[in-house]
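**Student:** I'd like to go over a predicted model; first the sequence, then the structure.
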Amino acid sequence: MPRPFEPVSNPLYSALLILLCLLGVFPLDVILPSFPALADEFHVGPQQIAYSVSFFAFGVALAQLVIGPLSDAMGRKRLLLAGLGLSITGAVGCAFSARYETFMAFRLLQALGCGSFVLGQALVQDLYSGKQRNAMRILLTSASGLFISLSPVAGAFLQQAFGWKGSFTVFAFIALIVACLSFALLQDTPASRGRVSGMGGYRSMLRDTTYLAHSLLSSLAFACHFSFIVVAPLAFMDDLGLTPYQFSLVFIAYGLAYIAGGATATYANNRVSPQAQIKTGFLLIAFGGVTLLIWALVAGLTVTGLLLPMIVCTTGTTLVRPAATTQALARYPQQAGAAASLNTTLLFAGGGLAGSLVASVESALPMSLGLLFVGVSLCGWLLLACLPETLTSTRT
């Protein structure tokens, strides 16, 4: 994608990417305090509402598989605008749904539109280079952590002021602002002739063990975060009896761990190799899992016993994801859309599967979550053992 402007000198590009990041976490986190209200509204159990989060993640994953390679051939702008329009339609449809089945249908429509948000990663690849690219990715990860920490508070406020429909309405409003920025800033320029367009680009990526390994490393780390997102309302509000407002306050501490992890990643960016960052991250995830298991065996499910290990685990997740994603996408600079889509599809598919598995054993939540963290770390270290210590080279 050509660069008609120098994006680093224009703060509106950063604003666009950060708002895309906000929209990416909005449908997953802001809705959490509304779980009990949604269950009452549609006369279903809280676990079915929790499954809707995993359902949303799978919808996003499927949409990304198509949108990414299409954007390499057609340009980012028109596909991003189409996705924003679809997500707005889905959000408005959810707000006006009267039945659970209708709600889930519009939730899927919203997810398909949100699949276009993966183009934010492709835009980072298009608009930035070198250390600025990695710095922007770390900034977006830190911004994601800030949004995660504040979104339950925002969700609780919207739930108290407007009911469960409030989060969908605000999402539609923010998406409209992002659409206006995208229309004004981006150029819908087709891909260069050197690019491999369409779905065919996935073949070389699926045969590239280095790309797949780093994508899976990112997916493993994300599975820890996503599993906690799915089961947090069940554990804190259903099992421990916290109100939506109390839940949102507890969640602030969890989200702030992303900011701490982002600061750590920024410090480590120019000092240690990506492999060392990833290894340290998985070590922290394992430590969090072991701590969670020991605490659950000794004291059972408590707020502190669940939150403190999650803070440690999340710091590790924030170290792993930017480094692993940057290494994976650097392999295919001319196919940034397809590379970002496959990477993020693996991210959400793994997270959705892990979240569903953990939610299915609600009665053993602390133990199942701790075992997941330990298992993720072991898989991460096994993948790292198969990779060279040197940085990945570029593929064409």
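**Tutor:** Received it, and whenever you're ready, just let me know what you need.

**Student:** looking at this structure, which residue lies furthest from center?
**Tutor:** Relative to the centre of the chain, the most outlying C-alpha is that of residue 298, 32.4 Å out, by C-alpha atoms, centre = their mean.

**Student:** Would you mind measuring from that residue to residue 305?
**Tutor:** Relative to residue 305, residue 298 is positioned 8 Å away (C-beta to C-beta, to the nearest Å). (Each C-beta comes from the backbone N, C-alpha and C, glycine too.)

**Student:** How far does the helix or strand bottoming out on mean pLDDT in the chain sit from its chain's centre?
**Tutor:** One helix or strand of the chain scores below all others by mean pLDDT, DSSP states H and E: helix 244-269, with a mean of 77. Computed by C-alpha atoms, centre = their mean, to the nearest Å, the chain-centroid distance of helix 244-269 equals 14 Å.

**Student:** elements contacting that helix?
**Tutor:** helix 130-162, helix 209-233, helix 274-299, helix 303-329 (3 or more C-beta pairs under 8 Å, 6 or more residues apart in numbering; DSSP states H and E).

**Student:** again, only this time at 7 Å
**Tutor:** Counting contacts by 3 or more C-beta pairs under 7 Å, 6 or more residues apart in numbering; DSSP states H and E, helix 244-269 packs against helix 130-162, helix 303-329.

**Student:** out of those, nearest to residue 109?
**Tutor:** Closest of those to residue 109 is helix 130-162, at 20.9 Å (criterion: C-beta to C-beta).

**Student:** before we move on, back to that, taking helix 130-162 as reference, get the angle to the least confident helix or strand of the chain.
**Tutor:** Orientation of helix 244-269 against helix 130-162 (axes from the mean of the first three to the mean of the last three C-alpha atoms, to 10 degrees) gives an angle of 180 degrees.

**Student:** what comes up buried for helix 244-269?
**Tutor:** Buried positions in helix 244-269, judged by neighbour count with 16 or more other C-beta atoms under 10 Å: 244, 246-248, 250-251, 254-259, 261-262, 264-266, 268-269.

**Student:** still on that earlier bit, so which of the helices and strands packed on helix 244-269 is the most surrounded?
**Tutor:** Comparing these by mean neighbour count (mean count of other C-beta atoms under 10 Å), helix 303-329 ranks first with a mean of 24.

**Student:** Can you name the next helix or strand after it?
**Tutor:** Counting by DSSP states H and E, the next helix or strand C-terminal to helix 303-329 is helix 336-360.

**Student:** If you compare the directions of the helix or strand following that following helix and helix 274-299, what angle comes out?
**Tutor:** Later in the chain than helix 336-360, the nearest helix or strand by DSSP H and E is helix 365-385. Counting by the same axes, to 10 degrees, helix 365-385 lies at 160 degrees to helix 274-299.

**Student:** Helix 365-385 packs against which elements?
**Tutor:** helix 209-233, helix 274-299, helix 336-360.

**Student:** residues contacting the closest residue to residue 315 other than its chain neighbours?
**Tutor:** Leaving aside its sequence neighbours, residue 315 sits nearest to residue 261 (C-beta to C-beta, 6 or more residues apart in numbering; 4.3 Å). By C-beta atoms under 7 Å, 6 or more residues apart in numbering, the residues touching residue 261 are 145, 314, 315, 317, 318, 319.

**Student:** give me the low-pLDDT residue ranges for the chain?
**Tutor:** Counting by pLDDT under 70, the ranges of the chain that qualify are 1-9, 130-131, 188-200, 362-363, 389-396.

**Student:** circling back to that earlier point, in CSV: the helices and strands packed on helix 365-385, plus distance to residue 177.
**Tutor:** Below are the helices and strands packed on helix 365-385 laid out as CSV (distance: least, C-beta to C-beta, whole Å):
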stretch, distance to residue 177
helix 209-233, 25
helix 274-299, 33
helix 336-360, 23
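
**Student:** nearest to residue 63, of those?
**Tutor:** The minimum distance between residue 63 and the helices and strands packed on helix 365-385 falls on helix 336-360, with 8.9 Å, by C-beta to C-beta.

**Student:** looking at the helices and strands packed on helix 244-269, which is closest to residue 80?
**Tutor:** When the helices and strands packed on helix 244-269 are compared by C-beta to C-beta, helix 130-162 sits nearest residue 80, at 15.8 Å.

**Student:** what angle sits between the closest one and helix 303-329?
**Tutor:** With the same axes, to 10 degrees defining the directions, helix 130-162 sits at 140 degrees from helix 303-329.

**Student:** where along the stretch 51-200 of the chain do the helices fall?
**Tutor:** Using DSSP state H, counting those that start in this stretch, the helices of the stretch 51-200 of the chain run over residues 76-95, 100-114, 119-127, 130-162, 165-185.

**Student:** Which one, of those, ends up nearest to residue 344?
**Tutor:** Of all the helices of the stretch 51-200 of the chain, helix 119-127 sits nearest to residue 344, with 6.6 Å by C-beta to C-beta.
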